[in-house]
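Asker: Fold the stuff below for me.
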Amino acid sequence: GSVLDFAKNKVSSNVVEKCFEISTIGSHAEDLVEERSALMRAVLGEKSDPNAPIARLMKDKFGNYTVQRIIEHSRGDDWLELRARIEAAEESLKK
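Answerer: From the prediction side, this is the model:
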């Protein structure tokens, strides 16, 4: 399965959320920089893709909780990119 599939599942979304938490603020976060970066890239997808994983997560009943946790555990450039993606999707999220 993909990160997107896991993040949209009631049970496995908790695991994805925990991965973001541990790789950001966990005691071994400094050793998980590459893994965290790969996880963030998998969730964000391509900027030009209107159907990127992050866009699909924002509209999913479980995925939106995962997005909230990703926001909580985002820093620096990741946070800026995530913010830009959410702002770009704002109108479609109101529907």
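Asker: Could you use CA atoms for every contact and neighbour count after this?
Answerer: Noted.
Asker: Put the alpha carbons of the worst-scoring helix or strand of the chain on mean pLDDT into CSV.
Answerer: In the chain, no helix or strand scores lower on mean pLDDT, DSSP states H and E than helix 76-93, which sits at a mean of 89. What follows is helix 76-93, C-alpha atoms only, in CSV (Å, rounded to 0.1, in the frame of the first residue of the first chain):
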residue,chain,number,x,y,z
GLY,A,76,10.5,25.2,7.8
ASP,A,77,10.2,24.7,4.1
ASP,A,78,7.9,21.7,4.6
TRP,A,79,5.5,23.9,6.5
LEU,A,80,5.7,26.6,3.9
GLU,A,81,5.0,24.1,1.1
LEU,A,82,2.1,22.6,3.1
ARG,A,83,0.6,26.0,3.8
ALA,A,84,0.8,26.9,0.1
ARG,A,85,-1.0,23.7,-0.9
ILE,A,86,-3.7,24.1,1.7
GLU,A,87,-4.3,27.8,0.6
ALA,A,88,-4.4,26.7,-3.0
ALA,A,89,-7.1,24.1,-2.2
GLU,A,90,-9.1,26.4,0.1
GLU,A,91,-12.0,27.1,-2.3
SER,A,92,-12.5,23.4,-3.2
LEU,A,93,-12.5,22.5,0.5
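Asker: Distance from that helix to the middle of the chain?
Answerer: Relative to the chain's own centre, helix 76-93 is displaced by 11 Å; criterion: Cα atoms, centre = their mean, to the nearest Å.
Asker: buried residues in it?
Answerer: 78, 82, 85-86, 89 (16 or more other Cα atoms under 10 Å).
Asker: which residues touch stretch 83-95?
Answerer: 47, 54-55, 58-59 (Cα atoms under 8 Å, 6 or more residues apart in numbering).
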